[in-house]
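Trainee: Okay, sequence plus prediction incoming.
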Amino acid sequence: MCCRIADLKNKQVVCIKNGCVLGFVSDIEMNTSDGCLEAIVIYGKPRFFGLLGRDEDIVIPWTEISVIGQETVLVKTDPEPYLRLLKRSRYLA
């Protein structure tokens with residue numbers, strides 16, 4: 001499958017270990033010397049309408065990506081460090 005960076009943006013990222021939604025692809029990290037994609041970035045949730053900044057960004061290495069579908073990206077990363085961030089941001093929102 002071939003897709004552009006613009007097509008990759010705003011796809012939902014789902015962990016296949018427990019089915020939790022980590023967020024949406026917001027940015028990518030790319031190695032400019034060889035043109036390879038290094039990681040996808042999910043921006044942290046805004047705190048208090050963005051006035052208090054954001055939570056930490058979630059960076060998922062390219063090696064952790066299992067499948068890129070039409071609307072979702074399935075990752076096999078360990079969700080435990082990210083679940084605390086997601087739970088905390090949802091209680092504040």
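Mentor: Right, received. Where do you want to start?
Trainee: Give me the outermost residue of the chain relative to its centroid.
Mentor: residue 33 (23.5 Å; Cα atoms, centre = their mean).
Trainee: Correct me if wrong, but that one is in a helix.
Mentor: No - residue state for residue 33 (DSSP: H, G, I helix; E, B strand; the rest coil) corresponds to coil; a helix is not indicated.
Trainee: what about it, distance to residue 78?
Mentor: Counting by Cβ to Cβ, to the nearest Å, the separation of residue 33 from residue 78 is 29 Å. Using the backbone N, CA and C atoms, a C-beta is placed for each residue, glycine as well.
Trainee: what do you get for residue 13?
Mentor: 14 Å.
Trainee: So between these two, which is more surrounded?
Mentor: residue 13 (22 against 12; other Cβ atoms under 10 Å).
Trainee: Check which helices and strands the strand or helix carrying that one is in contact with.
Mentor: In this assignment (DSSP states H and E), residue 13 forms part of strand 12-15. Applying 3 or more Cβ pairs under 8 Å, 6 or more residues apart in numbering; DSSP states H and E, one finds that strand 12-15 contacts strand 21-24, strand 72-75.
Trainee: could you give me the average pLDDT of stretch 44-63?
Mentor: On average, the pLDDT along stretch 44-63 is 78.
Trainee: Just the buried positions in it, please.
Mentor: 44, 45, 55, 58, 60 (16 or more other Cβ atoms under 10 Å).
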